[in-house]
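Colleague: Following is a predicted model, sequence given first.
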Amino acid sequence: MASGFLIRDGLPSDIPACLALDHTYQTDFIWQVNITENHGDWQINLTTQRLPRTVDLMHNASEDRLRQALPRQQGFLVAISKDDNDLLGYVALYNDEAHDIAWMQDIVVSRPYRRHHIATRLLNVARAWAKEQGRSRLMVETRTQNYPAIAFCQQSGLKFCGFNDHYFINQDIAVFFCQSLR
């Protein structure tokens, strides 16, 4: 691991390095969503389920999402090594003025550099960016299968605030976490 890292605004030239990072993660758990409708009443249960074995999954990186985060009114931040300027991770944010929300769709740290507080620092800088943009809330989306991201959100003070059962292109379920910035 590099002796330290910096976080700076991302550039178009950073996108290939971001896409080349190791976006895989392992999990032993998922969030299971059960929806029951009974005579107009809805019951929704989210439960943590242990998987029969550890699975390797992949965060779906998107060049289009990163390019959309490039304009000045959006947020694209990268963590780089102080020693050699290697790209270690990134976050992509979208400024939703109409709803007064900063949306975080991507927060990625390459596998060899995880557990070195890079994601925490990226999140803290993302919060500061959202405040600078005048947003009152930070919203994070992730898949129910990305239990490490769910745990990270919860440990970082974000609260579960909803889900969408066909949110992603592949129809995966998204769960949303939010934090007030005021």
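Modeller: On my side now, so go ahead.

Colleague: C-alpha only now, for contacts and for neighbours.
Modeller: Fine.

Colleague: As a check, name the ranges of all strands in the protein.
Modeller: 5-9, 24-38, 41-58, 75-81, 87-96, 101-109, 137-143, 159-164, 174-180 (DSSP state E).

Colleague: ok, and what's touching the lengthiest helix in the chain?
Modeller: Using DSSP state H, we find that the single longest helix of the chain is helix 118-132. Residues outside helix 118-132 that contact it (Cα atoms under 8 Å, 6 or more residues apart in numbering) are 5, 7, 75, 77-79, 89-91, 93, 95, 101-102, 107-109, 136-138, 156, 181.

Colleague: can you pull the buried residues of that helix?
Modeller: 118-120, 122-123, 125-127, 129-131 (16 or more other Cα atoms under 10 Å).

Colleague: quick one: Leu66 and Val55, what's the gap?
Modeller: For Leu66, the distance to Val55 (Cα to Cα, to the nearest Å) stands at 27 Å.

Colleague: Give me the more crowded residue out of those two.
Modeller: Ranked by neighbour count (other Cα atoms under 10 Å), Leu66 and Val55 place Leu66 first, with 26 against 12.

Colleague: tell me the contacts of the closest residue to the more buried one other than its chain neighbours?
Modeller: Among residues not flanking Leu66 along the chain, Ala92 sits closest, at 6.3 Å (Cα to Cα, 6 or more residues apart in numbering). Contact partners of Ala92, counting by Cα under 8 Å, 6+ apart, are 65-66, 69, 75-77, 104-107.

Colleague: Let me know the pLDDT of Ala92.
Modeller: For Ala92, the model assigns a pLDDT of 96.

Colleague: What of Phe152?
Modeller: With respect to pLDDT, Phe152 has a value of 96.

Colleague: Number the residues from 44 up from this point.
Modeller: Right, with 44 as the first residue, what we last looked at is Phe195.

Colleague: how many neighbours does it have?
Modeller: So Phe195, with other Cα under 10 Å, has 13 neighbours.

Colleague: just for the chain, where's the confidence low?
Modeller: 44-46 (pLDDT under 70).
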